[in-house]
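1. pasted the sequence and its predicted model underneath.
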Amino acid sequence: MRDDEITRRSDERFARMRPFGGRTPPPVDLTGLPPGPSWPPLLQSAGLLRFRHRFQPHLRRRYGDVFTVRLVPQGRPLVIFTRPEAIKEIFAGDPEVFHAGKGNAILGPIMGEHSLLLVDGAEHKRARKLLMPAFSPRALQGYQDLVTGVAKTEVGSWQPGQPFRSLERMNALTLEVILRVVFGVTDEARLARLRPLVNATVDVSPAVLLGWGVPRLRRVGMWKRTVETSYALDRLIYAEIAERRASPDLEHRTDVLSQLIRVDDGGDRLTDPELRDQLVTLLLAGHETTATALAWALYEVGRDPRQRARAREAARHGDDAWLEAVAKESMRLHPVIAMVVRTLMRPTTVAGVDLPRGATVAASILLSHASPDSHPDPEAFRPERFVDGSPDPNTWIPFGGGVRRCIGAGFSLMEAVTVLREVFTTYDVRAVGRDVPKVRNITSVPRRGARIVVHDLPVEGR
Ligand code: HEM
């Protein structure tokens, strides 16, 4: 694809992909909704976004298992459910009625209109079908060696005895996994050009996202920089796609992009703009999320001598089930994403609550994971919850659920186990100081970066 053609496509994406298509969303009937605070919508939105770790538990204590928050613009209702029976209904809801893409519209200019996260109904079904094979258990096995290679290089570069923020190193690691395993880039020069662009794309601030509605802003300051980054990234991605399509070893390559290029569902294939949008989506959805879960896992294991010993033993003896339980328990105790949402296209009833068209419903991951009914002693880090049986359905939901369940769930668990195995066969890991969650854009991350210090294991301990 020529440079001017790529620029035209990027221009079109920025022009088209504005939240609510640049229009004011239709009003929603608020009568009879579950109770909730009567503060101004801006305050409630800030509470939910910036102070979610205190705000959500407060609302549950004050209003019970289901409550309504009113958000900007126009005090639109978000009805938050916390009980597994209700969450089951949300996940099983008719995809033509329970739309998920609407809630992610703000990411449109970056991810693009074909993004799996943004499309709904038949379009989502088709995209999901074309993408699924690249995330099948067999495909995941094919990525294992590449991930192990990246993990070995990263873990081998750590300095024993010197405390560091594990979140930073896990971010670097999962970024490398996306570039090499998902994009399948091997050329060192291209990797060096991609890294800063990808980092800048992932770091996009909420202010930039909220400013999309004002086209003039795109010519100034951080908005201008974001647009330029996005164009530069597009050029590299389209170049990679073109080369990969022409590559003589395409048939034998195991990376995600090569698999997506090969997909052929009775003649239905992914076009270049679709591939671009899905790659950027996988990058944004799959990089920091997995890094954060891994950082919390290292921190939690590193806090407790018994957990440290158990993790080292599991890594040494190939007990992947325990390492996976460590990753899952970290995701339970420290949900990376606080809730999943669906916007209703028709009036609907969820768990006996009548809801109008246009209302948004949420399944609270934060409150589900903190419920003592579902997870006894919920504040404690106990990987055995996932070994001696497993939590009840719809009580452990870090990856959401139903037809929209995270497509990268298996990938991220495979990656987490591979990285934990590498870390715990190489080092004894100790947490440094206490850490608590803080909000970073959509995700929640450890405020102090989950600081750890590692020490070489005696040779017989490896
Ligand atoms: C710990 C790691 C991760 C967490 C906690 C996580 C969480 C989530 C959640 C909560 C959703 C929304 C599900 C729903 O609406 O029901 C989601 C969707 C998605 N995730 Fe993940 N994710 C993780 C890793 C990944 C990875 C590694 C990838 C890709 C390589 C990925 C790609 C996606 C995509 C494409 C979607 C949209 C699925 C759809 O709408 O059909 N995620 N993820």
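-> Here it is on my side, so go on.
2. next, give phi and psi for the residue most central in space within the chain.
-> Centroid-nearest residue in the chain: Ala285, 3.9 Å away (criterion: Cα atoms, centre = their mean). Backbone torsions for Ala285, taken as degrees, to the nearest 10, come to phi -80, psi -20.
3. what residues are up against it?
-> Counting by Cβ atoms under 8 Å, 6 or more residues apart in numbering, Ala285 makes contact with 117, 406, 408. Where C-beta positions appear, they are placed from N, C-alpha and C, glycine not excepted.
4. neighbours of the nearest residue to Arg52 once chain neighbours are set aside, just the number please.
-> Nearest residue to Arg52, sequence neighbours excluded (Cβ to Cβ, 6 or more residues apart in numbering): Ala338, at 4.9 Å. By the measure other Cβ atoms under 10 Å, the count of residues near Ala338 is 23.
5. kindly report the same for the one 5 residues further on.
-> Thr343 sits with 22 neighbouring residues when counted by other Cβ under 10 Å.
6. just the helices in the stretch 251-400 of the chain please.
-> Taking DSSP state H, counting those that start in this stretch, the helices of the stretch 251-400 of the chain run over residues 256-262, 272-286, 288-302, 305-316, 320-333, 365-369.
7. what's the most buried one of these?
-> helix 288-302 (a mean of 26; mean count of other Cβ atoms under 10 Å).
8. remind me what it packs against, helices and strands.
-> Secondary-structure packing of helix 288-302 (3 or more Cβ pairs under 8 Å, 6 or more residues apart in numbering; DSSP states H and E): helix 166-177, helix 305-316, helix 320-333, helix 409-426, strand 427-431, strand 443-446, strand 451-456.
9. tell me which strands the fifth one pairs with, and in which orientation.
-> Listed by DSSP bridges, the sheet partners of strand 427-431 and their directions read strand 451-456 (antiparallel).
10. mind listing what the closest residue to the ligand within the stretch 151-300 of the chain touches?
-> Relative to the ligand, the nearest point of the stretch 151-300 of the chain is Gly286 (2.9 Å; Cβ to the nearest ligand atom). Neighbouring residues of Gly286 by Cβ under 8 Å, 6+ apart: 174, 178, 182, 408, 411-412.
11. neighbour-wise, which one of the residues you listed leads?
-> Neighbour max across those (other Cβ under 10 Å) = Thr174, 27 neighbours.
12. my guess is it contacts Leu284, does it?
-> No. The pair Thr174 / Leu284 is not scored as a contact, 11.9 Å apart, by Cβ atoms under 8 Å.
13. mutual contacts of these two, please.
-> By Cβ under 8 Å, 6+ apart, no residue touches both Thr174 and Leu284.
14. could you tell me which residues of the stretch 51-200 of the chain lie near the ligand?
-> Applying Cβ under 6 Å from any ligand atom, we find that the stretch 51-200 of the chain lies next to the ligand at 100, 116-117, 128, 182.
15. repeat that for 5 Å
-> Residues of the stretch 51-200 of the chain lying close to the ligand (Cβ under 5 Å from any ligand atom) are 100, 116-117.
16. could I get the residues you listed as JSON lines with pLDDT?
-> Supplementary listing: these in JSON lines, determined by pLDDT from 0 to 100:
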{"residue": "Ala100", "pLDDT": "95"}
{"residue": "Leu116", "pLDDT": "97"}
{"residue": "Leu117", "pLDDT": "96"}
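17. how about those residues in a markdown table, adding secondary structure and neighbour count?
-> A markdown table is the format used below for these (DSSP: H, G, I helix; E, B strand; the rest coil; neighbours: other Cβ atoms under 10 Å):
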| residue | secondary structure | neighbour count |
| --- | --- | --- |
| Ala100 | coil | 22 |
| Leu116 | coil | 23 |
| Leu117 | coil | 23 |
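18. and which of these is nearest Glu274?
-> Closest approach to Glu274 among these (Cβ to Cβ): Leu116, at 9.9 Å.
19. that closest one reaches Arg128, doesn't it?
-> Yes. Here Leu116 reaches Arg128: they are 6.5 Å apart, a contact under Cβ under 8 Å.
20. common neighbours of those two, please.
-> Common contact partners of Leu116 and Arg128 (Cβ under 8 Å, 6+ apart): Ile407.
21. all strands for the chain, in order.
-> Ranges of strands within the chain are 66-71, 76-81, 98-99, 164-165, 339-344, 348-350, 353-355, 360-364, 427-431, 437-440, 443-446, 451-456, based on DSSP state E.
22. select, out of these, the one closest to Lys224.
-> strand 437-440 (23.1 Å).
23. packing partners for the closest one?
-> helix 52-63, strand 443-446.
24. what residues does that strand touch?
-> 49-53, 288, 334, 444-447.
25. circling back: same list (the helices of the stretch 251-400 of the chain) but as JSON lines, adding mean pLDDT.
-> Below are the helices of the stretch 251-400 of the chain laid out as JSON lines (pLDDT from 0 to 100):
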{"stretch": "helix 256-262", "mean pLDDT": "96"}
{"stretch": "helix 272-286", "mean pLDDT": "95"}
{"stretch": "helix 288-302", "mean pLDDT": "97"}
{"stretch": "helix 305-316", "mean pLDDT": "98"}
{"stretch": "helix 320-333", "mean pLDDT": "98"}
{"stretch": "helix 365-369", "mean pLDDT": "98"}
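26. quick one: which of those helices is nearest Leu33?
-> helix 365-369 (18.2 Å).
27. pull the CA atoms of the closest one into PDB?
-> Output of helix 365-369 as PDB, limited to C-alpha atoms (Å, rounded to 0.1, in the frame of the first residue of the first chain):
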ATOM      1  CA  ILE A 365     -15.400  -7.800  38.600                       C
ATOM      2  CA  LEU A 366     -14.100  -5.900  41.600                       C
ATOM      3  CA  LEU A 367     -17.100  -6.700  43.800                       C
ATOM      4  CA  SER A 368     -17.500 -10.300  42.600                       C
ATOM      5  CA  HIS A 369     -13.900 -11.100  43.400                       C
END
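28. same for that helix, what does it pack against?
-> By 3+ Cβ pairs under 8 Å, 6+ apart, helix 365-369 packs against helix 52-63, strand 339-344.
29. for the ligand, tell me whether it is touching it.
-> No. Helix 365-369 stays clear of the ligand (Cβ under 5 Å from any ligand atom), getting no nearer than 6.8 Å.
30. re the thing from before, could the contacts of Gly286 go into a markdown table alongside distance to His124?
-> Compiled in a markdown table, those are given as follows (distance: Cβ to Cβ, whole Å):
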| residue | distance to His124 |
| --- | --- |
| Thr174 | 25 |
| Ile178 | 22 |
| Val182 | 20 |
| Gly408 | 16 |
| Phe411 | 19 |
| Ser412 | 20 |
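31. list just the nearest of these to Gln74.
-> When the contacts of Gly286 are compared against Gln74 (criterion: Cβ to Cβ), the nearest one is Gly408, at 33.6 Å.
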